[in-house]
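1. Sequence and computational prediction follow.
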Amino acid sequence: MRGRFTLDDRAEQFYRMIPVDVPDGAAALSVTLAFDRAAGVLDLGCFGPHGPRGWSGGARDRFTVATDWATPGYLPGPLDAGTWHVCLGLHRIPPEGLDFELTIDIGPAQPPEPAPLPPVADRPPRRELPAATGMRWLAGDLHSHTVHSDGALTIDELAGLAAAGGLDFLAITDHNTTSHHPYLPAAGTRAGVTLLPGQEVTRDHGHANAFGDIGWVDFRLPADDWLTQVSSRGGLMSVNHPLSGDCSWRHPMTGRPPFAEIWHHTWWDRSWGGPLSWWRIWGPDVLPLGGSDFHTPADGRPLGVPTTWVQSTGESVDEVLAGMAAGRIAISAGRDAPVLLRVDDELVAIGAAGTYLVDPEERRQVVRAERQSFPAGPGVHRLEDTRNAVVALAV
C-alpha cells in the first residue's frame, strides 16, 4: 500500500487504522513501514479483532506478531481470523506531505535469536536511613524504557544496571505497550531488583505513567479516560515531565492524577522554579515524583538520577506501590545525594549541612549538621542550596 499523508490528513484524524484481513490458520503477521525519516515521523502499532497487539511508535519501522513470539513491544498469541488494523500515528507531517509505503506479509516468520542473559551485577551496600518502625526507605527510579519501546537495553540488562547502581526498585514504563510485563518478575529476581510494571501512555501533547499490572491503557482516548482506567483498575497515574519541550503536558483534564513527575532530567537547572510553580497550580493533592526517563547509556544520563525513595513495609511490587499511594515519598538528586525524609513526626535532613529547609509557606530554616531533625509540619518540604536550587524533596 502506498500513499501520502498531508497536513489536512493530520488535522482531520491523528491515528489512521489500516484494515488487514487475516485468514484462519495464519501463523504470523509481519508489517514494514517505509517513509522519509528526514522529512517526518509516522508512529506504528497493531490492533487485532479483540484488542491491542502492540505499539512501537516511531522507534521501529517493522514488526512481527506470531503465535509463539513477537517483536518486542508486541504481544505473541493466536492470530484470530478477521479484520486486524495497522495503526499509523501522523506524528510529524511536513508542509509538502509525507509519502509512505506499507508492506504486509501473512505467513511463517523466523523468530530472532534470543539475547544472552547478562551476568548478575554486584550491588553496592544499601544506604542505611532512618525510617518508621517496621519500614525502610527503598531507592528507585520511576521512569525507564527498554527495547519494548524506544530503549536500547533488554529488560535483563536494565535490571542489572539498576542493581549495579544500588536501586531497590525500578519502574519499566515502555510507551503504549504492556508487552514487557510478563518478563519483569523473572528478570527482577535474577538481578535482585523489584521491577514495577508500568506503561507510559504517550500522545503528541503529553505523556503519563500508569503504574501497576492493570492491563493496557488506551492512549487514543482523552487524558481523563486514562485516569479513569488507571484508578478503576487499582493503578497509580503520574503526569510525566510536564515542562519538557514538545513533550510538555497540554492535555485538558477535569480530574487530577495522584502524582506528577516534577523532577525529570529536563529540570537541568533546579534553581528554575517552573516545575514547582506548575505543580503548585495543580494543588496539594497531586504529589511530586522523580524519574530519570532512562533510554540508553549513550545519553549520558544515569539510571536513578533523580532517585525516588519510598518508605515501604517490604520490597514486593504491591508494597512499593502501597507506599507510593500512602505518600511515603522523598526525592533526591541521586542514591547517595543529600536526602530529606519524613519519619513519623519529624523531618530528617541527611548530608545536607549548609542548605535551607523550606516549608510549604516558604519559611526557611538553616540545616547546620550532617544529620538534623525538625518538627514535621504537613505538606511537601524541600531542601535548597544558597542559589535557591532544589536539593531534595520530602512529601
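-> Noted; the coordinates are in hand. Numbers count the residues shown, from 1 in each chain.
2. going on from the least confident helix or strand in the chain by mean pLDDT, what's the next piece of helix or strand?
-> Across the helices and strands of the chain, the lowest-confidence element by mean pLDDT, DSSP states H and E is helix 274-282, at a mean of 94. Next helix or strand after helix 274-282 toward the C-terminus (DSSP states H and E): strand 287-290.
3. Can you pull out the residues in contact with the helix or strand just after that following strand?
-> With elements assigned by DSSP H and E, the helix or strand that comes after strand 287-290 is strand 307-312. With CB atoms under 8 Å, 6 or more residues apart in numbering as the contact definition, strand 307-312 has outside contacts at 129, 131-132, 135-142, 167, 169, 263, 289-291, 319-320, 322-324, 328-335, 337, 339, 341-343. (Glycine included, C-beta is placed from N, CA and C.)
4. residue ranges of the helices in the stretch 251-395 of the chain, please?
-> Listed from the start of the chain, the stretch 251-395 of the chain has helices (DSSP state H, counting those that start in this stretch) covering 274-282, 317-325.
5. helices or strands next to the first one in the packing?
-> Using 3 or more CB pairs under 8 Å, 6 or more residues apart in numbering; DSSP states H and E as the contact criterion, the secondary-structure elements in contact with helix 274-282 are strand 259-263.
6. Could you do the last one as well?
-> For helix 317-325, the helices and strands in contact under the criterion 3+ CB pairs under 8 Å, 6+ apart are strand 136-141, strand 194-203, strand 236-239, strand 307-312.
7. Give me the below-cutoff pLDDT ranges for the stretch 101-250 of the chain.
-> Across the stretch 101-250 of the chain, no stretch falls below the confidence threshold (pLDDT under 70).
8. relative to strand 259-263, how tilted is the least confident helix or strand of the chain?
-> What separates the directions of helix 274-282 and strand 259-263 is an angle of 160 degrees, with axes from the mean of the first three to the mean of the last three CA atoms, to 10 degrees.
9. Pull out the buried positions in helix 274-282.
-> For helix 274-282, the buried set under the neighbour-count rule, 16 or more other CB atoms under 10 Å, comprises 275-276, 278-279, 282.
10. Would you mind putting the residues you listed into JSON lines with distance to residue 53 alongside?
-> JSON lines is the format used below for these (distance: CB to CB, whole Å):
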{"residue": "275", "distance to residue 53": "36"}
{"residue": "276", "distance to residue 53": "40"}
{"residue": "278", "distance to residue 53": "36"}
{"residue": "279", "distance to residue 53": "36"}
{"residue": "282", "distance to residue 53": "35"}
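11. coming back round to it: residue 213 is nearest to which of the helices of the stretch 251-395 of the chain?
-> Between residue 213 and the helices of the stretch 251-395 of the chain, the shortest gap by CB to CB is with helix 317-325, which sits at 7.4 Å.
12. Strands of the stretch 51-200 of the chain, residue ranges please.
-> Listed in chain order, the strands of the stretch 51-200 of the chain (DSSP state E, counting those that start in this stretch) span 51-57, 62-66, 82-92, 98-106, 136-141, 169-172, 194-203.
13. Give me whichever of those is most buried.
-> Of all those, strand 169-172 has the most neighbours on average by mean count of other CB atoms under 10 Å, namely a mean of 28.
14. Direction included, what does that one pair up with?
-> Partners of strand 169-172 in the sheet, by DSSP bridges, are strand 136-141 (parallel), strand 194-203 (parallel).
15. Would you mind identifying the next helix or strand past the last one?
-> Per DSSP H and E, the first helix or strand lying C-terminal to strand 194-203 is strand 206-211.
16. quick revisit: just tell me which of the helices of the stretch 251-395 of the chain ends up closest to residue 66.
-> Closest among those, using CB to CB: helix 317-325, at 29.0 Å.
17. What are the buried residues along that closest one?
-> Counting neighbours by 16+ other CB under 10 Å, the buried set in helix 317-325 is 317, 319-325.
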